[in-house]
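Visitor: Fold the following and give me the result.
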Amino acid sequence: MISISLSVFRKLQLVVAVLLYAGTGLLGQTPDAEFVEGELLVKFKSDLQTQQVQSTLVDAGIQQLHLVSEIGVYHCSVANGARVQSAIEACRRDANVVYAEPNYIYRTSEMEFLPLFPGDPRFSELWGLQNGNDADIDAPEAWDIQTGNQDIIIGVIDTGVDYDHEDLQSNMWRNPGESGNGRELNGIDDDGNGFVDDVFGANFAGNDGDPRDDNGHGTHVAGTIGAAGNNGVGVAGVNWQVSIMALKFLDANGSGSTDNAISAIIYAVNHGAVITSNSWGGGGRSQALEDAIKFARDRGQLFVAAAGNSGVDTDRAANFPSNYNIDNIISVAASDRNDQLASFSNFGRKTVDLAAPGVNILSAQPGDRYQTLSGTSMATPHVSGVAGLVLSQFPGLGYREVLLRILGSVDPKTQFSVNTFTGGRLNAFNALSTSPLITVTPIANTTDTAGPYRVTAEVVDDGQITVMTLTYSINGGAENALAMQKVGPSEYGADIPGQALESNIEFFVSATDNDANVTESSHLAFRITEDSGDEPDGCFSFLFGLPDSDDSGAATAAMLLLVNLLVHLSLIWSVGRITLWWPRNLNPRGV
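Guide: You can find the predicted model right below:
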């Protein structure tokens with residue numbers, strides 16, 4: 001055990017962070033993640049000729065399965081039983097390769113199955129939409145304004161959907177290139193997209209045009225988004241009318257690969273889905289999957305993702321795809337009927353946007369059945385559904401404006417203030433408001449006394465914003481008001497001046513629109529302090545170790561050893577003593 005000053009510790013943290021980032025690329029990686037045996041994804045520089053691509057693939061001992069041309073990624077397999085990691089390392093040695101990675105496996109974000117129920121009208125059991133203690137999303141109040149529109153296409157990227165279900169069939173998307181004039185079952189790829197008779201979507205796990213659900217998870221998700229409302233049958237979705245596109249990439253066991261997830265995203269974009277609901281996760285950090293989500297973002301699509309069910313802080317332990325830092329992603333935690341974070345739900349002040357009902361949620365199942373399930377999988381379609389209502393009410397909005405309406409309209413709750421970005425739970429009624437809706441970025445505690453401390457806020461409104469004001473106080477004293485300046489299409493900023501150590505700063509933002517509607521954001525706070533609350537004290541142990549994997553690579557092992565040696569040399573300089581430490585799981589012989 002070694003004692004050093006807090007300032008020295010922070011310097012060491014910075015050195016180590018830079019070394020890890022620059023030398024190993026481990027930050028944000030998930031080395032133990034499952035992947036498809038014998039498969040990888042490779043992206044080359046965009047100006048590379050086909051002959052050069054094939055030469056690299058041959059030299060690495062891999063062969064092309066297919067090219068995802070929209071994002072320039074090759075789905076490949078290794079030859080003759082070679083190891084995937086060896087092929088990846090061979091690709092990475094080629095200067096023409098942008099990245100090479102395993103074909104990761106993702107799974108549904110559902111927690112548990114409970115007994116099936118008969119298919120009778122059961123709206124009273126949908127506590128997430130309406131309940132007595134107001135832990136719901138205020139769906140009936142929202143429905144008084146908007147019940148949905150079949151012009152809005154929401155892609156359910158999941159295990160498929162039972163498109164014949166009594167409560168879903170009227171709200172299923174129908175591919176115009178494969179529907180009408182007897183084209184539904186003619187055995188021909190009428191629209192030339194590579195799938196035969198893909199009327200309701202496509203099956204990427206089975207590589208065909210039939211996305212029928214053989215698991216139940218995707219049908220449950222679809223029911224929450226858009227089970228037909230007010231039809232005297234079963235349950236009601238957030239949208240009474242909508243078009244649900246079934247995109248099956250997860251198999252009957254609820255697992256699927258990166259390449260199929262990418263294909264589902266691209267199909268959704270190419271066929272008009274403005275929202276996708278993604279109740280799955282796991283795998284590793286895939287650059288190819290990130291590229292696909294950016295491809296969707298650049299074409300105006302909102303990507304709603306489950307935060308995961310491991311009960312961990314995703315600011316520290318990443319969950320993908322919800323953790324990708326892309327501005328069309330909404331990451332969703334699960335809340336229970338008491339408006340508390342579900343015990344299984346992941347959370348994260350920086351990486352999880354909001355909570356939504358996700359415990360004991362009743363929805364559709366294949367075969368005209370209904371079932372109660374729990375998970376962030378069940379929370380996510382509540383948000384996807386509200387996004388559909390927002391677009392139905394405000395059809396001209398872009399993905400970012402829809403996202404800001406959802407984040408800026410949450411019901412603020414103390415219990416979510418420390419574990420989600422917005423500090424609140426989804427509210428459908430508020431999301432349809434004609435008053436300004438404000439999303440303020442929280443400020444972390446800091447040691448900086450010089451300042452200034454930048455406050456940023458994004459705001460949306462059905463009209464125009466005329467005034468944006470930042471109000472702050474120091475240690476409970478008098479309030480100070482600052483005019484906020486517009487710095488982006490919907491973003492405003494203002495600076496709080498520097499303050500002395502141990503100052504507590506409280507602030508909020510208010511907005512006024514051209515109809516004189518005034519909205520005030522939640523009240524936030526941060527401290528100027530030497531103790532951030534997250535850092536260790538003066539006595540600590542370093543914890544840089546290798547994963548329990550035979551594929552970690554000798555280079556990674558060497559770099560981690562170098563990092564630790566440099567850290568200890570720094571300790572010699574700072575405190576004059578050293579304790580030799582070897583990274584856990586280090587194989588001195590390499591791999």
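Visitor: where along the stretch 401-550 of the chain do the strands fall?
Guide: Assigned by DSSP state E, counting those that start in this stretch, the stretch 401-550 of the chain shows strands spanning 411-412, 424-425, 437-440, 453-460, 465-474, 480-483, 485-486, 491-496, 503-513, 518-520, 524-528, 539-540.
Visitor: and the ones you listed as TSV, adding mean neighbour count, distance to residue 402 and mean pLDDT?
Guide: (C-beta placed from N, C-alpha, C; glycine too.) Below are the strands of the stretch 401-550 of the chain laid out as TSV (neighbours: other C-beta atoms under 10 Å; distance: least, C-beta to C-beta, whole Å; pLDDT from 0 to 100):
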stretch	mean neighbour count	distance to residue 402	mean pLDDT
strand 411-412	18	18	94
strand 424-425	25	17	96
strand 437-440	25	11	96
strand 453-460	21	9	97
strand 465-474	18	17	97
strand 480-483	12	28	97
strand 485-486	12	20	96
strand 491-496	19	16	98
strand 503-513	20	18	97
strand 518-520	15	18	96
strand 524-528	18	24	96
strand 539-540	12	44	28
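Visitor: Of those strands, give the one that comes closest to residue 399.
Guide: With C-beta to C-beta as the measure, strand 453-460 is the member of those nearest residue 399 (12.0 Å).
Visitor: just the angle between the closest one and strand 524-528, please?
Guide: 170 degrees (axes from the mean of the first three to the mean of the last three C-alpha atoms, to 10 degrees).
Visitor: Each with direction, which strands does strand 453-460 pair with?
Guide: Next to strand 453-460 in the sheet, as set by DSSP bridges, lie strand 437-440 (antiparallel), strand 491-496 (antiparallel).
Visitor: What are the contacting residues of that strand?
Guide: Residues from elsewhere that reach strand 453-460, judged by C-beta atoms under 8 Å, 6 or more residues apart in numbering: 401, 404-405, 408, 436-441, 443, 446, 465, 468, 470, 472, 484, 487-488, 490-498, 505, 507, 509, 511, 521, 526.
Visitor: Quick check, central residue of the protein?
Guide: The chain has residue 322 as the residue nearest its centroid, 2.0 Å off, counting by C-alpha atoms, centre = their mean.
Visitor: which residues does it contact?
Guide: Taking C-beta under 8 Å, 6+ apart, we find residue 322 in contact with 281, 305-308, 314, 329, 331-332, 346, 351-352.
Visitor: What residue, apart from its backbone neighbours, is nearest residue 165 spatially?
Guide: residue 364 (5.4 Å; C-beta to C-beta, 6 or more residues apart in numbering).
Visitor: Past the helix or strand hosting the one you found, which element shows up next along the chain?
Guide: Using DSSP states H and E, residue 364 sits within strand 361-365. Counting by DSSP H and E, the next helix or strand C-terminal to strand 361-365 is strand 369-374.
Visitor: what angle do that next one and strand 361-365 make?
Guide: Here strand 369-374 runs at an angle of 140 degrees relative to strand 361-365 (the same axes, to 10 degrees).
Visitor: and strand 369-374, which strands flank it?
Guide: Paired strands of strand 369-374, with direction, are strand 112-117 (antiparallel), strand 361-365 (antiparallel) (DSSP bridges).
Visitor: which of these has the lowest average pLDDT?
Guide: Here these differ in mean pLDDT, and the lowest is strand 112-117 at a mean of 37.
Visitor: residues contacting residue 435?
Guide: 461, 513, 517-519.
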